[in-house]
Structure formats: C-alpha cells, structure tokens
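*Asks:* quick one, structure for this:
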Amino acid sequence: MINDYRFWRIIGQFFAVFLTAVVILMLWENLNRNLQQLGIQFGFGFLNQQGSFDIGETAISYKPTDTYSRALWVGLINSLRVAIAGIFLTTIVGIAAGIARFSDNWLVRKIALVYVEIFRNTPLLLQLLFWYFAVFLSFPKTENKISLWGFISLSQSGLELPWFTLSPEFSALLLGLTFYTGAFIAEIVRGGIRSVPQGQWEAARSLGLKPGLVMRLVIFPQALRVIIPPLTSQYLNLTKNSSLAIAIGYPDIYFVGSATFNQTGRAVEVILIIMLTYLILSLSISLIMNLFNRSVQIKER
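*Replies:* Numbering: from 1, shown residues only. Have a look, this model is predicted:
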C-alpha cells in the first residue's frame, strides 16, 4: 500500500484539506477576537434594519424605508441586468469582429483590426469614463433629445427605446463592458477559426459554397470547440468587471454594498455577501458554458 501512488495521493489530499481547515479556523478566531475588541458581534441581523438611503435606479420597487436586504436585492438585480445584457451583446460584437478579420474586404478587415487594438489595449475604467462623460453627458438635454430612426432617442437622460428607458449610467456601463470584452472575444474567435484545418476550407469551397456559407456551415461550428473554453473566461471577466459600475454611479451590488457598509460599519459581513454573490454568478456561468461546451464536442463512438 505504501508503494501505491493512489494511497499517497489520498494522504496528500487529506493533509491539504486539514491545513486549509486549520488556516480558516485561525483566521476566524482572529476575526472574532478583533471584532470583540471593537465591541462588534459578527452577524447578519443588520439586514433587517431600515436602509435609510436612496437608490437612483431600481428594477423592483424600493424606498429608503426598506431594509438593507431589500437594497442588496436591488443591487443584485441591477448587476444581473448588466451581466446578462453584456454577455449577449458582447458575444455578437466579438463574433462579428472576429469573423470580420477574415473578410475579403480590405476596409472591413482594417476596421476590425483597429477596433480590437484600441479597445483591447486601453483600460476598461478609462473606457467607462469616456462613454459616460464624453458621450452620454455630452448629449443634449431631454427636451432637445436626438431621435434615430423614429424609435430610438438619445439625451442626457440616457437611451430611450419603445419598451423601456436606459439610464446614462447603465448605458455607459453596458457599452463599455460590451466593446471592451468584445475585443478580446474577437481575438478568441479569430484564433478558433485559424485552428480549423485548411483542408476544411478547400473542401467547402469545392462544393461551390459561397464564403458566407462556408463560414456559417463548415468553419465556425468546428471552431466552436476551440472558442468556448476561453470564451467562458471572458464572460466571467465581464461579470466581475461590472463592479467598476461604482466609478460612474450605477447602483450594482458592489455600489449598494458599499453604501450599506458605510452606514452599518459591517465590513466583514457585507464583503462576504458581495464575494458570495460573485462566486455564485461565476459558478453559474461556468456550469452553463461547460454544458454548452460538451454539446459541441465530437462524440466518441
């Protein structure tokens, strides 16, 4: 048994778990000791107290007399709005830009290249500030709003669509995350397409397929097997990067959590809630993408 590598692997895993538990216990004891010295008792009872602060943008009903837990729910929903919309839009932008890098049109290829190089090599925070201050706050006031195609309006109040209104904070955050992450996805898509053997391109052309059909029916489905794993990482990055919303005043879970901490002084509890929130979101995205990845892999017979 001593010479069996499986035995030592199990022993190694046991010690790793044991050491992790010891470290966590030590940190917990140190935390409790410090809180006791400050006269603070660890707990989440403060969540049932009145929030007493306003939230500028809410998807569900909220008023300052509601509890901190209600305020955090509002922040969570706002974060989900940005994450879901951002993942959808950045997928479209990234795939379009990635495929455009293979276009027969010289101008389209160069525009895609310039887009990728600019947005991928400038800080996200700078881009968010640009979209908010240089773009949306430079639009005319609501009474002089710009109308596009008869059903889209632009003003300092944000982007107005027939079914809902998007605030300038939400719009700036969404566009910033979309174009920034889309530039990375474009390179992932380009690499995935490059991984498809040249023979597949030649075989598809020999069948008389047009370039658009070659890409859509033959090349891109095969490239997905290479694209999806790194694409998952970009979705996770977009979700976590949404916490930069605080820089432009969009009330996401981190923004609301910061306001809660400032009023209650419950730094540890609030940080744990925020960490757990992003952990659950990340694990959920990973689970969905892993299931999708399995569905596009070649099935062994």
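*Asks:* next one: Arg33 relative to Gln41, how far apart?
*Replies:* According to Cβ to Cβ, to the nearest Å, Arg33 and Gln41 sit 12 Å apart. Where you see a C-beta, it was placed from the backbone N, CA and C, and this is true even at glycine.
*Asks:* Ser79 too?
*Replies:* Distance, Ser79 to Gln41, using Cβ to Cβ: 29 Å.
*Asks:* of the two, who's got more company?
*Replies:* Shown here are Ser79 and Gln41; by other Cβ atoms under 10 Å, Ser79 has more neighbours (25 against 9).
*Asks:* which residues touch the more buried one?
*Replies:* Residues near Ser79 by Cβ atoms under 8 Å, 6 or more residues apart in numbering: 239, 242, 245, 252-254, 277, 281.
*Asks:* most neighbours of all those residues, which one?
*Replies:* Most neighbours among these, by other Cβ under 10 Å: Asp252, with 28 neighbours.
*Asks:* surely that residue touches Gly75?
*Replies:* Yes. Here Asp252 reaches Gly75: they are 5.6 Å apart, a contact under Cβ atoms under 8 Å.
*Asks:* okay if I get the contacts of Ser79 as CSV plus distance to Leu177 and secondary structure?
*Replies:* Below are those laid out as CSV (distance: Cβ to Cβ, whole Å; DSSP: H, G, I helix; E, B strand; the rest coil):
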residue, distance to Leu177, secondary structure
Thr239, 9, helix
Ser242, 6, helix
Ala245, 9, helix
Asp252, 11, coil
Ile253, 15, helix
Tyr254, 14, helix
Thr277, 17, helix
Leu281, 14, helix
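*Asks:* which one of the residues you listed is nearest Gln222?
*Replies:* Closest approach to Gln222 among these (Cβ to Cβ): Thr239, at 27.8 Å.
*Asks:* which ones are touching that closest one?
*Replies:* Going by Cβ under 8 Å, 6+ apart, Thr239 touches 79, 83, 86-87, 278, 281-282, 285.
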